[in-house]
Structures are given as C-alpha cells and as structure tokens.
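Undergrad: This is the structure alone, sequence omitted:
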C-alpha cells in the first residue's frame, strides 16, 4: 500500500510536495482515569481481602476457603488487568494508540485517562523544535 504519492516538480514551490493518502488523524477523548483508578484499587483490595476474611470466618470449612482463594485471585488479576489501561498524558505530549498494529487514534488532552488495556501506547512530543544554528 502506497502512503505517499509524489507530485511532479513545481518550480513555484521549488520542491516536491508529498501528499498523504488514506490516513487521517483520529483525535480520541478517552474517559477519565480517576474513577477507573479508584475501581482498580477497590478490585485489588477485594481480591486480597476476600481470602483473609473467609479464613477468619470459615476456619473449619476448607471448600469455602479454597473457593474464596480462587475467587479472590480472579478478582485480583482483574484489578491488575484493569490497571494496565490507566496512563497519564503530560503537557506538550500526545499518545498514539494502536491495537495489534492497527492505528486507533491519538490522545492530545492532558490528564489521567483509561483506554483498552490491549492498546499499545506510544508517546510523542508536540514541542516545536527550532533548529536555527
């Protein structure tokens, strides 16, 4: 797939003008990460606390303790997975989000955000670099 098509030389511009074909920038506005952060902490604490409480309450029933350990471990893993989607965008930077190599969008807003944990997040700088020597 050819993404850049070169135009013929134009003496008025004195250069070759590349034209990008087929791709446009998608600006994403993901949900705030504040509530997600609190939910993830709640899941992690529940995952750790459920086995402890079940051991204290049901010391003689081994099946309930084993079941509480399995459920607590599942909740803890879900909380860890949930934490993987939380990230911070600093001023003068942006994140490019891709999922399995396919471009999904760009986040330019500053703050704490949550996106799909399977997204690959690549940080880019939005600063203008002046190269006057």
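TA: The structure has been received and is ready for your questions. These figures come from a predicted structure and were not determined experimentally.

Undergrad: And the next helix or strand past the lengthiest helix in the chain?
TA: Of all the segments of type helix in the chain, defined by DSSP state H, the longest one is helix 33-57. Downstream of helix 33-57, the first helix or strand assigned by DSSP states H and E is helix 62-83.

Undergrad: buried stuff in that following helix?
TA: Using 16 or more other Cβ atoms under 10 Å as the test for burial, helix 62-83 gives 65, 68, 72, 75, 76, 79, 82, 83. Backbone N, C-alpha and C define where each C-beta goes, glycine included.

Undergrad: by contact count, what packs against it?
TA: Applying 3 or more Cβ pairs under 8 Å, 6 or more residues apart in numbering; DSSP states H and E, we find helix 62-83 packed against helix 33-57.

Undergrad: mind checking how far the helix it packs on is from the chain centre?
TA: 22 Å (Cα atoms, centre = their mean, to the nearest Å).

Undergrad: Now it: buried residues?
TA: Across helix 33-57, burial judged by 16+ other Cβ under 10 Å covers 33, 36, 40, 43, 44, 46, 47, 50, 51, 54.

Undergrad: Let me have the buried residues of helix 62-83 in TSV, extended by pLDDT and distance to residue 114.
TA: Putting the buried residues of helix 62-83 into TSV (pLDDT from 0 to 100; distance: Cβ to Cβ, whole Å) gives the following:
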residue	pLDDT	distance to residue 114
65	87	34
68	89	29
72	92	24
75	94	18
76	93	19
79	92	13
82	88	8
83	91	10
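
Undergrad: Make a markdown table out of the residues you listed and add distance to residue 108.
TA: Listed next are those as a markdown table, based on distance: Cβ to Cβ, whole Å:
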| residue | distance to residue 108 |
| --- | --- |
| 65 | 49 |
| 68 | 45 |
| 72 | 39 |
| 75 | 34 |
| 76 | 34 |
| 79 | 29 |
| 82 | 24 |
| 83 | 23 |
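
Undergrad: Which member of those residues is positioned nearest residue 118?
TA: Among those, residue 82 lies closest to residue 118 (Cβ to Cβ), at 12.5 Å.
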